[in-house]
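Student: next input, structure requested:
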Amino acid sequence: MVYLSRLLINLAGNFKRLFKTASPPVFNLINMKIGILRETRRWKDRRAAITPATAKKIMKRWPGIEIYAQPSDTRVFKEGEYIEAGVKITDSLSHCDILFGVKEVAEEALIPGKTYIMFAHVAKKQEHNQAFFREMARKKITLLDYEYFTKKNGARVVAFGHWAGVVGAYYAIMGIMKRFANIEIPHPSTFYDADELNRFLKTFKIPPLRVVITGDGRVGQGAASVLKAHGIRQVSSGEFLTNDFSEAVFCILPFSDYVKPKDEKVAGYNDFFTMPGEFESTFIPYTQKADVHIPCHFWDPASPIFFSKEDMQKPWFKIKLVADISCDVPGPVASTIRTSTHDQPFYDVDKDSLKEKEAFSGKDNITVMAVDNLPTALPLNASEAFANNLLENVFPYLFGNDSEGVVERATILKNGELTKRYKYLEDFLKG
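Tutor: From the prediction side, this is the model:
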């Protein structure tokens with residue numbers, strides 16, 4: 001009898017906890033309408049957050065959802081592919097509940113009162129989007145940012161990082177061939193997909209240079225995959241700094257190879273991401289050996305820099321080309337003075353004045369690639385991988401119970417008001 005009583009008490013407690021923690025669905029799926037936006041802010045961005053194949057899977061998994069797409073002359077997927085998947089094509093998405101884009105939406109195209117999901121580039125107080133942010137608040141928009149769909153430990157669940165690394169590393173090879181061999185190779189956007197790009201990379205070799213990648217996450221591994229496809233040999237950081245080579249080589253550095261803690265008590269992986277100001281740079285030895293730097297790292301304004309203007313002026317500074325995939329401006333790489341475009345991906349920087357010069361115009365200059373929307377050069381691969389990540393890692397919470405807080409962490413504005421997590425943006429929003 002005592003055992004039965006305890007069992008009933010335990011069962012009652014479990015049911016109580018279950019009903020206490022269960023959250024209601026984020027959206028009502030009855031007559032839910034999703035809109036796929038054409039890209040209106042970034043010229044020639046051919047990506048799509050939801051592909052035809054993913055749209056078909058969404059409607060099968062959640063039968064109450066209808067999907068509409070704006071027509072687009074640039075999107076890599078044709079209208080017929082969406083129609084075949086069951087998506088309706090319409091220029092106006094004003095009847096839709098959730099609007100999916102990739103990059104920011106043109107301010108005049110924002111529809112009041114809607115829920116937008118995009119890379120908004122406002123949570124770090126990016127000045128170039130301040131007016132855009134205000135307009136969303138004024139129009140009572142609910143804003144979710146892909147960058148902040150994360151697990152509880154802060155790990156992102158959707159990103160274009162791998163493909164940024166792939167395209168950025170190809171640009172690095174493109175810059176190497178122009179700068180060091182005076183040979184021009186095709187633009188990455190001329191390839192149908194990554195397979196075709198990799199096949200081309202096997203048809204030639206770069207000069208015997210040393211390439212250093214900073215950051216070994218998704219972006220860094222994507223960059224490394226291209227260098228390997230080209231046949232460049234990977235070496236350890238120790239070999240990179242001490243050995244002589246007669247061929248092109250590269251090394252990829254985790255954070256522990258380019259920073260160190262100021263205090264012995266601060267040393268862990270999580271410490272670097274939560275307390276970056278407690279670390280100092282150890283990167284300078286690589287500037288004395290590397291010909292090419294491919295930044296793929298995490299960076300915070302409190303993080304140590306990689307090299308300064310003063311470092312660039314030293315006689316031992318060897319780097320001649322920076323393919324800045326991380327592209328923080330201003331940031332930890334002094335030669336990255338602005339972003340660049342796919343049409344004109346390169347510019348030169350005078351080491352003494354830090355003034356911009358024409359690309360490939362002087363042997364003493366540093367050549368910089370700083371395109372900030374790299375994955376759009378391989379839109380097919382990038383879109384397919386991104387959409388699949390959304391389907392598996394975000395939509396179950398967006399169209400069901402947000403039991404892990406994935407949607408909550410990504411919601412910056414709710415009906416035009418800052419959510420609790422993003423209250424720190426209030427001064428930025430109000431100017």
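
Student: switch to C-alpha atoms for all contacts and neighbour counts from now on
Tutor: Will do.

Student: low-confidence ranges in this protein?
Tutor: 1-30, 42-43, 265-270 (pLDDT under 70).

Student: domain parsing of it, as residue ranges.
Tutor: The chain breaks down into these domains under automatic domain parsing: 2-158+380-430, 161-377.

Student: please produce CSV containing these, extended by mean neighbour count.
Tutor: Below are these laid out as CSV (neighbours: other C-alpha atoms under 10 Å):
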stretch, mean neighbour count
domain 2-158+380-430, 17
domain 161-377, 19
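
Student: Leu391 touches Ile58, doesn't it?
Tutor: Yes: contact criterion C-alpha atoms under 8 Å: Leu391 and Ile58 qualify, at 7.4 Å.

Student: with just CA atoms, put stretch 50-63 into PDB.
Tutor: Output in PDB follows, covering the C-alpha atoms of stretch 50-63 (Å, rounded to 0.1, in the frame of the first residue of the first chain):
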ATOM      1  CA  ILE A  50      13.300  28.000 -48.200                       C
ATOM      2  CA  THR A  51      14.000  25.900 -51.300                       C
ATOM      3  CA  PRO A  52      11.400  24.200 -53.300                       C
ATOM      4  CA  ALA A  53      12.300  20.800 -51.800                       C
ATOM      5  CA  THR A  54      12.100  22.200 -48.300                       C
ATOM      6  CA  ALA A  55       8.800  23.900 -49.000                       C
ATOM      7  CA  LYS A  56       7.300  20.500 -50.000                       C
ATOM      8  CA  LYS A  57       8.600  18.900 -46.900                       C
ATOM      9  CA  ILE A  58       7.200  21.700 -44.700                       C
ATOM     10  CA  MET A  59       3.700  21.300 -46.100                       C
ATOM     11  CA  LYS A  60       3.800  17.500 -45.800                       C
ATOM     12  CA  ARG A  61       5.000  17.700 -42.200                       C
ATOM     13  CA  TRP A  62       2.700  20.500 -41.100                       C
ATOM     14  CA  PRO A  63      -0.400  20.200 -43.300                       C
END
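
Student: and for it, what's in contact with it?
Tutor: With C-alpha atoms under 8 Å, 6 or more residues apart in numbering as the test, stretch 50-63 has contacts from 29, 36, 65-67, 77, 81-82, 85-87, 100, 383-384, 387-388, 391, 399.

Student: show me these that map onto strands.
Tutor: Those of the contacts of stretch 50-63 mapping onto strands are 36, 65-67, 100, per DSSP state E.

Student: just those residues now: which is nearest Val329?
Tutor: Phe100 (26.9 Å; C-alpha to C-alpha).

Student: okay, helices next: where are they in the stretch 201-350 of the chain?
Tutor: 218-229, 237-242, 255-258, 269-274, 284-287, 309-312 (DSSP state H, counting those that start in this stretch).

Student: could you dump the ones you listed to CSV with distance to His187?
Tutor: Shown next, in CSV, are the helices of the stretch 201-350 of the chain (distance: least, C-alpha to C-alpha, whole Å):
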stretch, distance to His187
helix 218-229, 15
helix 237-242, 29
helix 255-258, 31
helix 269-274, 35
helix 284-287, 28
helix 309-312, 29
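
Student: nearest to Val349, out of those?
Tutor: When the helices of the stretch 201-350 of the chain are compared by C-alpha to C-alpha, helix 309-312 sits nearest Val349, at 10.5 Å.

Student: and that closest one, what does it pack against?
Tutor: Using 3 or more C-alpha pairs under 8 Å, 6 or more residues apart in numbering; DSSP states H and E as the contact criterion, no helix or strand is in contact with helix 309-312.
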